[in-house]
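1. Take a look and give me a structure for this.
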Amino acid sequence: MQKQTDYNGIDYGLGQTNIDKETGIRFGVIPMTKVLQAWCDRANTNYKYHCTNCYIELANDLIESLFSGCKENCRDCETPLTSSDYEETDPYSFTYTEKGYQAEQTAEGMDIFITKSPYYTLCQYCSPCAPGAGYLVNEGTVKAYCFGHDWFASEHAPYQLYSVETGKEMTV
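-> Just a heads-up that it's a prediction; the model follows:
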C-alpha cells in the first residue's frame, strides 16, 4: 500500500495551468481558515463598480474621483454618478501583493490562491476545481507556493517550508 505522501493526486492541468512557467512551481491553494487572522489583517479588499444605468464596469480612476467628491458621469452612457450609489457595494476579491507574495481570494470563495511567494512546500495536486495547483494541506511531492511561518497563529506553518531562492528548508 502506498503512503499518502507518495500519492500526488491527478494533475488536471496537465502541466499547463496554475503553474509559474519561470520556476515550475505550482500555485498553492489553502483554506482561508488556516490563516484567517493574518489574511484579514493583511489582505486588501477589491471592489468592482458598475454604472447604475448601463451596468458597464467603471474604471478605477473614475471611482476614485467620485469618492473624493468630484462629480462624474458614466463614460459610456453619460448617466450622472454619485458616491452614495456605491456605499453598499460588496467586495469582489481580496488580495495581498507585498513581501514577495501574490495571493488572492474571491469574495465568494473560501480558498486563497498563492501565485507567487518566497516559499514553497511539497503537497498533493488540488482537485479539478484548481487544475494543476497544489493543495497545501495535503502532503505530497508537488512543489507549490505557500505562506511562511509568520502567517500562522502558532508562528509555525503546518507544512515543511522551503526557500524559493535557495531551495533550503526554512526552520522556525
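
2. going forward, measure contacts between C-alpha atoms and count neighbours the same way
-> Will do.

3. ok now do the nearest residue to residue 96 once chain neighbours are set aside, which residues does it touch?
-> Excluding its sequence neighbours, the residue lying closest to residue 96 (CA to CA, 6 or more residues apart in numbering) is residue 43, at 4.8 Å. Applying CA atoms under 8 Å, 6 or more residues apart in numbering, we find residue 43 in contact with 94, 95, 96.

4. What is the neighbour count of residue 72?
-> Residue 72 has 17 neighbours, counted by other CA atoms under 10 Å.

5. hmm, I was thinking of residue 11
-> Neighbours of residue 11 using other CA under 10 Å come to 20.

6. per-residue confidence averaged over stretch 153-172?
-> For stretch 153-172, mean pLDDT is 93.

7. Please disregard the earlier target; I meant stretch 32-40.
-> Stretch 32-40 carries an average pLDDT of 95.

8. so how far is that stretch off the chain centroid?
-> 12 Å (CA atoms, centre = their mean, to the nearest Å).

9. Could you pull out the buried residues of that stretch?
-> Burial within stretch 32-40, assessed by neighbour count using 16 or more other CA atoms under 10 Å, is assigned to 32, 34, 35, 39.

10. swap in stretch 43-51?
-> Result for stretch 43-51 [16+ other CA under 10 Å]: buried residues 43, 45, 49, 50, 51.

11. Just give me the closest of those residues to residue 131.
-> Closest to residue 131 out of these is residue 43 (24.2 Å), distances taken as CA to CA.

12. burial of the closest residue in space to residue 119 that isn't next to it in sequence, as a residue count?
-> Once flanking residues are discounted, residue 119 sits nearest to residue 163: 4.7 Å by CA to CA, 6+ apart. Residue 163 has 16 neighbours, counted by other CA under 10 Å.

13. Could you measure from residue 163 over to residue 122?
-> Per CA to CA, to the nearest Å, residue 163 is found 12 Å from residue 122.

14. anything in contact with each of those two?
-> If you check residue 163 and residue 122 against CA under 8 Å, 6+ apart, no residue is contacted by both.

15. So for stretch 46-59, mean pLDDT?
-> Across stretch 46-59, the average pLDDT comes to 87.

16. tell me how far the ends of stretch 64-75 are from each other?
-> 14 Å.

17. how distant is that stretch from the center of its chain?
-> 29 Å.

18. can you pull the buried residues of that stretch?
-> Buried residues in stretch 64-75, counted by 16+ other CA under 10 Å: 66, 67, 72, 74.
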